[in-house]
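A.B. asks: just coords:
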């Protein structure tokens with residue numbers, strides 16, 4: 001199993017930056033593909049980014065491509081999301097998730113078996 005705890009959210013002005021962290025515990029983090037999702041009030045959970053267990057194979061949602069960067073440090077059991085040029089539409093609760101099976105495409109929340117509790121990101125205009 002994998003336990004996930006996000007941190008780093010907060011209030012930032014448009015154009016600013018934040019870095020989210022996701023601390024993982026459990027034996028399978030280094031063998032798990034990881035993802036970031038976000039959910040705004042009244043909206044469905046949206047795919048943000050994905051990184052393979054090896055640290056490669058990055059994929060990003062169209063709305064964050066070129067502004068967000070996903071990375072991981074398997075030695076520290078930590079996943080990161082560097083967010084630059086933030087926009088008010090980036091306001092949401094951000095979740096990290098671990099995928100340990102091959103079911104569903106990586107953009108589908110159902111592809112992920114373990115989730116953190118989320119961290120709020122609010123971008124003011």
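C.D. replies: Nice, I can see it. None of these values were measured; they are calculated from a predicted model.
A.B. asks: Buried residues, stretch 51-59. List them.
C.D. replies: For stretch 51-59, the neighbour count (16 or more other C-beta atoms under 10 Å) marks 51, 53 as buried. Just so you know, the C-beta spots here come from the backbone N, C-alpha and C atoms, and that holds for glycine as well.
A.B. asks: What about the residue nearest to residue 101 when sequence neighbours are not counted, how many residues nearby?
C.D. replies: Closest residue to residue 101 apart from its sequence neighbours, by C-beta to C-beta, 6 or more residues apart in numbering: residue 113 at 6.4 Å. Residue 113 has 15 neighbours, counted by other C-beta atoms under 10 Å.
A.B. asks: how close does residue 113 get to residue 2?
C.D. replies: When distance is defined by C-beta to C-beta, to the nearest Å, residue 113 is 8 Å away from residue 2.
A.B. asks: circling back: how about the residue nearest to residue 101, what does it touch?
C.D. replies: Residues in contact with residue 113 (C-beta atoms under 8 Å, 6 or more residues apart in numbering) are 2, 97, 98, 99, 100, 101.
A.B. asks: Select only the buried ones of those residues in PyMOL?
C.D. replies: Buried residues within the contacts of residue 113, by 16+ other C-beta under 10 Å, are selected in PyMOL with:
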select buried, resi 2+97+98+99+100
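A.B. asks: out of the contacts of residue 113, who's nearest residue 13?
C.D. replies: Closest approach to residue 13 among those (C-beta to C-beta): residue 97, at 27.9 Å.
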